[in-house]
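Engineer: I'll drop the sequence and a predicted model, then ask my questions.
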Amino acid sequence: MSRTLRVRQSQTVVPFGVGAVFDIQGESFVATGIGDWPGRGRQQVESPRLASRLGVTGFYAAPATANDRYDTPDAPGAPYIRFPSWLFCGACRRMKRWRIADEKPGVPPRCPSCSPARTLAPMRFVQICAAGHLSDLDWWFWAHSRRDAGERRQCAERERLRFLVSDRASGLEALSVVCAAKGCGAGRDLLDILGTHGMRCSGRNPWQRASEAVECVKPVQVVQRTAGNLYYPIVHSALDIPETEVPVHADEELAVRVREHDLWVQLCRYTGKPRAGMFRDVIMEDTGADEALIDALVAEETGHAPAPSSDTPSAPARPDLSREEWAAFTAPPPPPTRDFALRETTLGLGGETEEPWAGLRRRFGRVVLADRLREVRALSGFTRVSPDATVVPSDTARRLRWLPAVEVFGEGIFLALDRRELSTWEADAKVRHRVSGMRADLDRSFQKDRLEHLTGPELAPRFVLLHTLAHLLIRQLSFESGYTTASLRERIYARPEQDQYGILVYTAAGDAEGTLGGLVRQGEAPRLAETLLRMTEAAAWCSADPLCAEHTGQGFANLNRAACHACALLPETSCEAGNALLDRALVIGGQGVPGYLETVVGTALAAAATALEQP
């Protein structure tokens, strides 16, 4: 019986984008570079704002997969190839190196030695390096690695291997690879296979041809093919918003000084060349501008993102796309369009004088409901081993000027804090001291570069506060609206240099129509105020307290404080910061730190206790 293996169009960006390994129905594949995508059937995705920031000509989505009724075997689609190529039979334990010539459409790999033929399973381990290369493990070398070079040369057959399982041991020690060549019998178990073993890197990825291999001296790491450090995608996301009249740069006077500098013309002329670095340093020293502003101005002047000064090309850097979005949500709602429809509302607490409602009204400001949102997600590349390793672009051949992307539609709730209350709270010395400790941990973290494009050059207390509020609100909305936490996403607008102080919680579906208004309905008065109050009451208690509330550092690189899976963490797809930089104490107070909503929590609990005491 033939089988049909499908990947949804939205999955060709995340999680099964270029370079990703995924399992389906007992088989394992890897997504190839976009240079192998079919020329017909691709769907253009419009997002001029994102394209200009990434320095590309545009975006394309993979051809949509037809359903069972209309599917055809030869329909175009995003290509995936079998990986790892080393397979084994669960019955006879024979290992086979599977090649493209062995493939039969609609039929999984079969063992040639068994009758009836058994389906072959992929080997569990592969090798990667920090340069972004991925390849099969040299299993012949592993089986003969305990022998000297002379003994290895005596074994002429390199593919007569068996993958054995012993009933006298457990774990990886029970697994071994043995050479079945006549007169050899070399073998080695897999007890210490994970890690580095001095193996050579292939210098390429599985879909690249041998002629595309480069000399790679990076140490090779052996990992499981589903390991978390095998694939770190670099995804850029932008909302489709109308053009606004707000200034592009926060400090227009500084931007003018940069453009009027004597070396500005030379910098634009020699962008991407070694001498551009000298011009850039002089301009920065004379004007006081930072690198982000220089890059943005060069991109505007030249029409494309500034290229790196070295000879080695790299994937586009992460641009800051929050400025225009913040302006769109804080300005008067524009006329609704097919892809962007906003309407302003309130918490419905204008006449409230009793606590905790009055306190809630004082601490929250603008509320905007997005009945219609369009989001474009583009994949510029990926890394392996660690997020700060060498970036491999989506087009590994480096010939194309477009990127793979998908468009998704949805709805959302934009919520801003009260500017005056936030400034007063943020100026508290205890608040700033607590966040300074998180900043020190961030400076030591391998995630520093990735997170700084969200936080800005300095980690402000408002970012940790708003980020934690977004997580708590998503968790509460999952109970109120019926959406799962994985169906909701966040966008944090918390850059002090741009005077931002709000969050957007939205849902974006992969179909053409998006969602049906359930999330927006929860943002209408008085539902949102009740949701916020229940959110603060729930945040005041965690099942892991007091350990969670008193923690001085948890999560990756100790980037979280009072935040754990029981109270604040979300699925990775919902959080743009990777579940880092969270702290409930800044919301509800604790450890001597005043929380932004601490008085609201206190009055709410007191009112609840009073209500219970009344007959």
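Structural biologist: Looks like it arrived, so ask away.
Engineer: in this protein, which strand is the longest?
Structural biologist: strand 364-383 (DSSP state E).
Engineer: how far off centre is that strand?
Structural biologist: 14 Å (Cα atoms, centre = their mean, to the nearest Å).
Engineer: how near is the nearest residue to residue 454 once chain neighbours are set aside to residue 141?
Structural biologist: Computed as Cβ to Cβ, 6 or more residues apart in numbering, the closest residue to residue 454 that is not its neighbour in sequence is residue 577, at 5.7 Å. Heads up, the C-betas are built off the backbone N, CA and C, glycines and all. For residue 577, the distance to residue 141 (Cβ to Cβ, to the nearest Å) stands at 41 Å.
Engineer: tally of neighbours for the residue nearest to residue 454?
Structural biologist: 19 (other Cβ atoms under 10 Å).
Engineer: was I right about it contacting residue 445?
Structural biologist: No: applying Cβ atoms under 8 Å, one finds residue 577 not in contact with residue 445, separated by 11.8 Å.
Engineer: find the residues that touch each one of these two.
Structural biologist: Shared contacts of residue 577 and residue 445 (Cβ atoms under 8 Å, 6 or more residues apart in numbering): residue 451.
Engineer: show me what residue 233 is bridged to.
Structural biologist: residue 382 (DSSP bridges).
Engineer: how near is it to residue 17?
Structural biologist: Distance from residue 233 to residue 17, by Cβ to Cβ: 5 Å.
Engineer: these two: which has the busier surroundings?
Structural biologist: Set residue 233 next to residue 17 and count neighbours by other Cβ under 10 Å: residue 17 wins out with 26 against 19.
Engineer: so which helix or strand takes in the more buried one?
Structural biologist: Under the criterion of DSSP states H and E, residue 17 resides outside all helices and strands.
Engineer: for it, list the residues it contacts.
Structural biologist: Residue 17 touches 31, 233, 235, 379, 382, 394, 404, counting by Cβ under 8 Å, 6+ apart.
Engineer: which is the next helix or strand following the helix or strand harbouring residue 296?
Structural biologist: Assigned by DSSP H and E, residue 296 falls within helix 291-302. Proceeding N to C from helix 291-302, the next assigned helix or strand is helix 322-330, under DSSP H and E.
Engineer: and that following helix with strand 364-383, angle?
Structural biologist: On the basis of axes from the mean of the first three to the mean of the last three Cα atoms, to 10 degrees, helix 322-330 is oriented at 150 degrees to strand 364-383.
Engineer: which elements pack onto helix 322-330?
Structural biologist: In this structure, helix 322-330 makes packing contacts with strand 232-239, strand 340-345, strand 364-383, strand 402-417, strand 489-493, strand 502-509, judged by 3 or more Cβ pairs under 8 Å, 6 or more residues apart in numbering; DSSP states H and E.
Engineer: mind putting those into a markdown table with mean pLDDT and distance to residue 167?
Structural biologist: Converted to a markdown table, the helices and strands packed on helix 322-330 look like this (pLDDT from 0 to 100; distance: least, Cβ to Cβ, whole Å):
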| stretch | mean pLDDT | distance to residue 167 |
| --- | --- | --- |
| strand 232-239 | 93 | 38 |
| strand 340-345 | 95 | 63 |
| strand 364-383 | 95 | 40 |
| strand 402-417 | 94 | 47 |
| strand 489-493 | 96 | 48 |
| strand 502-509 | 90 | 49 |
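Engineer: as JSON lines, those strands with distance to residue 161 would be great.
Structural biologist: Below are the helices and strands packed on helix 322-330 laid out as JSON lines (distance: least, Cβ to Cβ, whole Å):
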{"stretch": "strand 232-239", "distance to residue 161": "32"}
{"stretch": "strand 340-345", "distance to residue 161": "58"}
{"stretch": "strand 364-383", "distance to residue 161": "30"}
{"stretch": "strand 402-417", "distance to residue 161": "37"}
{"stretch": "strand 489-493", "distance to residue 161": "46"}
{"stretch": "strand 502-509", "distance to residue 161": "46"}
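Engineer: nearest to residue 45, of these?
Structural biologist: strand 402-417 (4.6 Å; Cβ to Cβ).
Engineer: go through the very next helix or strand once past that closest one and flag the buried ones.
Structural biologist: Beyond strand 402-417 on the C-terminal side, the first helix or strand identified by DSSP H and E is helix 419-426. Neighbour counts over helix 419-426 (16 or more other Cβ atoms under 10 Å) mark 421, 422, 425, 426 as buried.
Engineer: figure out how far helix 419-426 is from the centre of its chain.
Structural biologist: Using Cα atoms, centre = their mean, the mean C-alpha position of helix 419-426 is found 31 Å from that of the whole chain.
Engineer: next, the angle strand 364-383 makes with it.
Structural biologist: 70 degrees.
Engineer: run through who's touching helix 419-426.
Structural biologist: 362, 363, 365, 431, 432, 460, 461, 462, 465, 501, 594, 596.
Engineer: state the mean pLDDT of that helix.
Structural biologist: Helix 419-426 carries an average pLDDT of 96.
Engineer: moving C-terminal of that helix, what's the next helix or strand?
Structural biologist: helix 429-443.
Engineer: circling back: quick one: buried residues of the longest strand of the chain?
Structural biologist: 364-370, 372-383.
Engineer: and the next element down the chain from it?
Structural biologist: strand 392-393.
Engineer: what strands flank that next one, and is each parallel or antiparallel?
Structural biologist: So strand 392-393, judged by DSSP bridges, has these partners: strand 364-383 (antiparallel).
Engineer: quick one: end-to-end distance for stretch 346-359.
Structural biologist: 15 Å (Cα to Cα, to the nearest Å).
Engineer: now it, how far from the centre of its chain.
Structural biologist: That offset, for stretch 346-359, works out to 38 Å (Cα atoms, centre = their mean).
Engineer: identify the residues contacting it?
Structural biologist: Taking Cβ under 8 Å, 6+ apart as the rule, stretch 346-359 contacts 360-361, 364, 367, 525-526, 528-529, 532-533, 597, 599-601, 603-604, 607.
Engineer: switch to 6 Å and redo it
Structural biologist: 361, 367, 525, 526, 528, 529, 599, 600, 603, 604 (Cβ atoms under 6 Å, 6 or more residues apart in numbering).
Engineer: can I get those in TSV with distance to residue 263 and secondary structure?
Structural biologist: Shown next, in TSV, are the contacts of stretch 346-359 (distance: Cβ to Cβ, whole Å; DSSP: H, G, I helix; E, B strand; the rest coil):
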residue	distance to residue 263	secondary structure
361	52	helix
367	47	strand
525	55	coil
526	58	coil
528	52	helix
529	55	helix
599	54	helix
600	53	helix
603	59	helix
604	59	helix
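Engineer: by neighbours, which of these wins?
Structural biologist: residue 600 (27 neighbours).
Engineer: phi, psi for the nearest residue to residue 154 once chain neighbours are set aside please.
Structural biologist: Distances taken as Cβ to Cβ, 6+ apart put residue 184 closest to residue 154, at 7.6 Å, once the chain neighbours are dropped. For residue 184, the backbone dihedrals (degrees, to the nearest 10) come out as phi -100, psi -80.
Engineer: what about residue 184, how many neighbours?
Structural biologist: Under the criterion other Cβ under 10 Å, the count of neighbours that residue 184 has is 19.
Engineer: just the closest of the contacts of residue 17 to residue 270, please.
Structural biologist: When those are compared against residue 270 (criterion: Cβ to Cβ), the nearest one is residue 394, at 27.6 Å.
Engineer: can I assume the closest one is in contact with residue 18?
Structural biologist: Yes: contact criterion Cβ atoms under 6 Å: residue 394 and residue 18 qualify, at 4.7 Å.
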